[in-house]
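K.L.:
Sequence unavailable; structure follows:
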């Protein structure tokens, strides 16, 4: 006799929201991409041009930056590490429009797959379709994700990457640990700031060692380190050291970019503007911000027993490790919101968790008019995760009891 979970018809409200939301976002994307000059896909075009330069045997970096010129934080310039341009060189012959919409397809598929993985691991007794459909329905209404798609930014792919890292933290099987470590390594090479998740695994490893638990976090750390080393090695083999020689002064110039910009949501930049300060004040304020972010991630791994809450704190910390934080960065936090709602499902905490996550999404979208409000949205989302942690509901998908792994809230089962 079959014991498969019962299937349910999709909620017509979610279906309606999804259809209207995606139709509107796609229409907006078409309109913006068709303007002259183009107002959509410019972040992706920057990467595509860098790839075409590499394919043509040229440096992808602006000569003025190689010479030490300092750009503005909001200026369009390629400052990613060489592996990104080298990867994009594989698509040098593909038209930009095709790549733009391909990114949309990959981002949406990644979001759906990440939601399915989270739902399957944390609540295997229910069909994943409900979680996936509701996630996809809300996604176009969550403006940070919509902006990432419209700009053609790699952050649109981060819901999947952070989902894998999250699952490696919360349900640490051997396969998920490796997958999460690889995702962390690739994301770190591409955008640097996801490295802020790393200290969480270091803190968790210290706790595992202290309590005599299996060193699950060590697998993630080793997989991430091996991935970074492999990517860097392949980059050198494929292109030699010339690209890296160009990248060194560009990275230095980018680190000296003008940070005082109202679109820079970073705490240091916003704090300096509030105080009427200058560039020097931004850099001075960012030192304690970056240090606090690293310590928060490390401390969350060590001291926060609930793994979901702890890795969510680390996820937020990863957004402020660098002195520039853009409006679309919280796209990476979507998996934590999904996990909170899934974990709270069927408990008394479900209404409060859902309300807090919904409020976070609404405030984040409205923050396009006043970007510091984005941090209120992040706080509301974290509160939703914290409320779901109080349910005591098991996080299904942890390793079998015979392995003596820590339970969902850090306790042995």
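P.N.:
Ah, there it is. Predicted, not measured: the structure shown is a model, and the values here were computed from it. Residues are numbered from 1 along each chain as shown.

K.L.:
where in the protein is pLDDT low?
P.N.:
Low-confidence segments of the chain (pLDDT under 70): 1-11, 68-76, 255, 390-413.

K.L.:
In it, spot the helix with the most residues.
P.N.:
Using DSSP state H, we find that the single longest helix of the chain is helix 96-122.

K.L.:
Which positions in that one come out as buried?
P.N.:
Neighbour-count burial for helix 96-122, counted by 16 or more other CB atoms under 10 Å, picks out 96, 99-101, 103-104, 107-108, 110-122. Where C-beta positions appear, they are placed from N, C-alpha and C, glycine not excepted.

K.L.:
ditto for stretch 287-302
P.N.:
289-290, 293-294, 296-302.

K.L.:
And stretch 338-347, by the same measure?
P.N.:
Neighbour-count burial for stretch 338-347, counted by 16+ other CB under 10 Å, picks out 338-345, 347.

K.L.:
any idea how far that stretch is from the chain center?
P.N.:
Offset of stretch 338-347 from its chain centre (CA atoms, centre = their mean, to the nearest Å): 20 Å.

K.L.:
From start to finish, how long is stretch 321-328 in a straight line?
P.N.:
15 Å (CA to CA, to the nearest Å).

K.L.:
and what of stretch 324-334?
P.N.:
Note: stretch 324-334 ends 20 Å apart using CA to CA.

K.L.:
With stretch 144-164 instead?
P.N.:
Note: stretch 144-164 ends 20 Å apart using CA to CA.

K.L.:
just to revisit the earlier point, can you flag which of the buried residues of stretch 338-347 belong to helices?
P.N.:
Here DSSP H is the test, and the buried residues of stretch 338-347 give 338-344 as lying in helices.

K.L.:
on that earlier part again, just the buried residues of stretch 287-302: which are in helices?
P.N.:
289-290, 293-294, 296-302.

K.L.:
Identify, from those, the entry nearest to residue 148.
P.N.:
Closest approach between these and residue 148, by CB to CB: residue 293, at 21.1 Å.

K.L.:
Could you pull up the residues touching the closest one?
P.N.:
By CB atoms under 8 Å, 6 or more residues apart in numbering, residue 293 lies in contact with 196, 317-318, 320-321.

K.L.:
what's the closest non-adjacent residue to it?
P.N.:
Leaving aside its sequence neighbours, residue 293 sits nearest to residue 317 (CB to CB, 6 or more residues apart in numbering; 4.0 Å).

K.L.:
what's the distance between that neighbour and residue 298?
P.N.:
9 Å (CB to CB, to the nearest Å).

K.L.:
Give me the common contacts of the two.
P.N.:
Common neighbours of residue 317 and residue 298 (criterion: CB under 8 Å, 6+ apart): residue 199.

K.L.:
show me what contacts residue 23?
P.N.:
Applying CB under 8 Å, 6+ apart to residue 23 gives no contacts.

K.L.:
Work out for me the element it sits within.
P.N.:
Taking DSSP states H and E as the criterion, residue 23 maps to helix 12-34.

K.L.:
residues in contact with whichever helix or strand comes after that helix?
P.N.:
Counting by DSSP H and E, the next helix or strand C-terminal to helix 12-34 is helix 42-55. Helix 42-55 has contacts (CB under 8 Å, 6+ apart) with 38, 59-60, 76-78, 80, 82, 84-92, 96, 99-100, 103, 151-154, 239, 243.

K.L.:
run the last query once more with 7 Å
P.N.:
With contacts defined as CB atoms under 7 Å, 6 or more residues apart in numbering, helix 42-55 is touched by 59-60, 76, 78, 84-86, 88-89, 91-92, 96, 99-100, 103, 151-153.

K.L.:
Out of those, which sit inside helices?
P.N.:
Counting by DSSP H, the part of those found in helices is 84-86, 88, 96, 99-100, 103, 151.

K.L.:
Take those residues and write them to a markdown table, including distance to residue 175.
P.N.:
Output for the ones in helices among the contacts of helix 42-55, formatted as a markdown table (distance: CB to CB, whole Å):
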| residue | distance to residue 175 |
| --- | --- |
| 84 | 27 |
| 85 | 31 |
| 86 | 28 |
| 88 | 29 |
| 96 | 36 |
| 99 | 31 |
| 100 | 33 |
| 103 | 27 |
| 151 | 33 |
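
K.L.:
Any figure for the gap between residue 238 and residue 82?
P.N.:
Distance from residue 238 to residue 82, counting by CB to CB: 9 Å.

K.L.:
higher neighbour count, these two?
P.N.:
With neighbours defined as other CB atoms under 10 Å, residue 238 and residue 82 compare such that residue 82 has more, 28 against 14.

K.L.:
Find the nearest non-adjacent residue to that one, please.
P.N.:
Nearest non-adjacent residue to residue 82 (CB to CB, 6+ apart): residue 243, at 3.9 Å.

K.L.:
Quick check: that neighbour is in a helix.
P.N.:
Yes: according to DSSP: H, G, I helix; E, B strand; the rest coil, residue 243 belongs to a helix.

K.L.:
and for the helix or strand residue 385 falls within, what are the contacting residues?
P.N.:
Take DSSP H and E as the rule and residue 385 turns out to sit in helix 373-389. Applying CB under 7 Å, 6+ apart, the external contacts of helix 373-389 come out as 265, 306, 308-309, 312, 316, 327, 330, 333, 336-337, 340, 343-344, 349, 352-353, 356-357, 359-360, 363-364, 366-367, 409.

K.L.:
I'm done for today, thanks for sticking with me.
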